[in-house]
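[1] sequence first, predicted coordinates after that:
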Amino acid sequence: QLQLVESGGGLVQAGGSLRLSCRTSGLTSDVYAIAWFRQAPGKEREGVACISTTGEICYYGDLVEGRFTISRDDADNAVYLQMDNLNTEDTAVYYCAAALSQWYVGGHPATFQSWGQGTHVIVSS
């Protein structure tokens, strides 16, 4: 069974940076892509960024492109989300998720089957 564990969330001032980590364990050979999603209070879950197992970028959300960078380190079984120039609109619970089918769509949560528990990011003004 695949497990994903997020870390790195916290409280940061607007304009600051955070780096989120998603570490995978278990049946990682079944994974086609890892993506970050976020959900703010009262809002739907939205795609943030996605990277395939071959290292190709499969998605960046319009609101984060140019500020956030997704990367992977296969030696550490980890996917990272570097978040720069944060603003209050980035406040949310951030989840990493794995696509276990080749028919995933980078920014669509319904096409990702395995999820972590989430990590909170709070950006203060």
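    Perfect, thanks for sending it.
[2] so the nearest residue to Cys96 once chain neighbours are set aside is in which element?
    Among residues not flanking Cys96 along the chain, Cys22 sits closest, at 3.4 Å (CB to CB, 6 or more residues apart in numbering). (Each C-beta comes from the backbone N, C-alpha and C, glycine too.) Element membership of Cys22, judged by DSSP states H and E, is strand 18-25.
[3] A helix includes Ala110, no?
    Yes - counting by DSSP: H, G, I helix; E, B strand; the rest coil, Ala110 is part of a helix.
[4] need the contact list for it.
    The contact partners of Ala110, taken as CB atoms under 8 Å, 6 or more residues apart in numbering, number zero.
[5] give the buried residues for the strand holding Cys22.
    Leu18, Leu20, Ser21, Cys22, Arg23, Thr24 (16 or more other CB atoms under 10 Å).
[6] separation between the fourth one and Lys43?
    From Cys22 across to Lys43, the span is 21 Å (CB to CB, to the nearest Å).
[7] also the fifth one?
    Going from Arg23 to Lys43 by CB to CB gives 26 Å.
[8] try the first one
    Distance check for Leu18 against Lys43: by CB to CB, it reads 19 Å.
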